[in-house]
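Participant: here is a sequence with its predicted model. Questions after.
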Amino acid sequence: MTPLPPHETLKEMTLTKVTVGYDGNAIVKEASFQLREGQIGCLLGPSGCGKSTLLRAIAGFESLMSGDIKVDGEVISSTSHTVSPEHRYIGMVFQDIALFPHLTIAQNIAFGLSTWTKESAQERVDHLLSLVGLSGFQSRYPHSLSGGQQQRVALARAIAPKPRLLLMDEPFSGLDAKLREELVPDIRKILQHEKMSALLVTHDQMEAFAMADQVSVMDAGVIHQTGSPYQIYHEPETHFVAGFIGHGDFLSATVCGPDCVHSDLGTIRGDLDHGFADNTEVDLLIRPDDILHDDDSEFVGVIVSKLFRGSHFLYRVKLSSEKIVYCFASSHHNHLVGQEIGLSVHLDHLVMFPR
Ligand SMILES: Nc1ncnc2c1ncn2[C@@H]1O[C@H](COP(=O)(O)OP(=O)(O)OP(=O)(O)O)[C@@H](O)[C@H]1O
């Protein structure tokens with residue numbers, strides 16, 4: 001098979017039932033998703049769930065046990081065929097930034113441009129230095145840059161040869177929280193500016209939400225759901241996704257109609273038909289902003305702990321059933337732990353799973 005032509009943008013990458021493992025043990029099981037031109041995707045899941053293993057298979061460093069990976073309709077990995085990593089035109093950025101210490105910043109960025117003419121390589125390096133906000137740093141050496149600046153150089157180096165896809169394995173986890181908060185949206189803007197399709201691996205959902213157009217949530221080698229950050233948060237398709245993403249509690253509930261359940265919070269009517277038969281026992285997902293503090297409500301709970309979040313309080317409240325749930329209150333409502341407060345339930349979209 002001929003290698004993929006360089007310097008063309010990726011139109012789509014499709015993973016179909018990809019199983020990857022080590023020594024015959026499957027680690028990633030039947031992973032399927034698609035990434036389209038210019039999209040930033042993310043593999044999000046707890047440590048050890050197989051995110052890096054899947055990323056390495058996409059890069060061509062691990063062979064498949066079953067399934068296939070196609071780029072623009074051409075198979076780049078299957079059980080019978082693997083395009084070598086250097087013929088995939090895929091760039092990579094890792095957590096350990098690994099710049100070449102003996103090369104200047106400009107030389108680091110130009111590293112993958114050996115086949116370019118001197119003028120076009122210089123032009124590309126100047127463009128990228130400006131794009132990552134480091135014009136004037138070209139003659140400096142990596143040790144004289146901060147962690148965030150080094151990660152920007154690593155990004156510039158990875159995208160300099162215009163790979164068709166950029167893979168990023170926990171690229172921000174070595175940086176402190178404040179720097180990460182600044183860098184993540186910047187990197188997203190840079191990738192969008194370059195129309196670069198990218199796939200990020202992270203266990204940090206805030207990072208995934210800030211960076212990605214599409215998130216694939218993984219657990220124990222299985223992709224549970226692929227969707228936009230909004231869908232993953234508001235329309236989780238499995239119990240795992242609902243519990244892993246955002247804050248939330250599950251309440252035992254019993255279905256009492258096509259749009260209704262009965263739980264410790266009373267009878268709740270949603271705005272859609274939930275599809276469960278009457279009397280089915282379910283776990284109902286409750287997000288913190290589904291239960292609001294309401295002084296006028298007769299439905300009460302006792303505060304067992306509280307978190308001040310500046311604009312609001314996040315209370316943990318014990319119901320009469322002993323079940324503890326989150327409750328959202330504006331920061332003007334400063335109550336003491338142990339105090340009883342009124343609660344009102346604002347649950348329109350019922351997210352529930354069979355128990
Ligand atoms: N080369 C290897 N040989 C054998 N087992 C491996 C190898 N690399 C990873 N594993 C195992 O595969 C599983 C998944 O590892 P992987 O690094 O893909 O997970 P991850 O989701 O990226 O985790 P983390 O976020 O901690 O990096 C782990 O149990 C790990 O021990």
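Facilitator: Arrived safely, thanks for sending. Just so it is clear, the structure is predicted and the values come from calculations on it, not from any experiment.
Participant: any idea how far Ala329 is from the residue located most distally from the centre of the chain?
Facilitator: Distance from the centre of the chain peaks at Glu298, with 39.9 Å (Cα atoms, centre = their mean). Distance from Glu298 to Ala329, counting by Cβ to Cβ, to the nearest Å: 17 Å. From N, CA and C alone the C-beta is placed, and that goes for glycine too.
Participant: what residues does the stretch 201-350 of the chain have near the ligand?
Facilitator: Neighbours of the ligand within the stretch 201-350 of the chain, by Cβ under 6 Å from any ligand atom: His203.
Participant: for the stretch 201-350 of the chain, which residue gets nearest to the ligand?
Facilitator: At 5.1 Å from the ligand, His203 is the closest residue in the stretch 201-350 of the chain, using Cβ to the nearest ligand atom.
Participant: strands along the stretch 251-355 of the chain, start to end?
Facilitator: Listed in chain order, the strands of the stretch 251-355 of the chain (DSSP state E, counting those that start in this stretch) span 260-263, 266-269, 281-286, 291-293, 300-308, 312-318, 324-330, 340-345, 352-354.
Participant: enumerate every residue touching the residue positioned nearest the centre of the chain.
Facilitator: Among the residues of the chain, the one closest to the centroid is Ala208, at 2.9 Å (Cα atoms, centre = their mean). Listed by Cβ atoms under 8 Å, 6 or more residues apart in numbering, the contact partners of Ala208 are 42, 44, 200, 202, 215, 229.
Participant: does Ser297 touch Gly342 like I think?
Facilitator: Yes: using Cβ atoms under 8 Å, Ser297 makes contact with Gly342 at a distance of 3.7 Å.
Participant: hang on, the earlier thing: what's near enough to touch the residue farthest from the centre of the chain?
Facilitator: Neighbours of Glu298 in contact, by Cβ under 8 Å, 6+ apart: Gly342.
Participant: got phi/psi on it?
Facilitator: Per-residue torsions, Glu298: phi -90, psi -10 (degrees, to the nearest 10).
Participant: for this protein, give me the ranges with low pLDDT.
Facilitator: Residues of the chain that meet the criterion pLDDT under 70 lie in 1-7.
Participant: biggest helix in it by residues?
Facilitator: helix 177-193 (DSSP state H).
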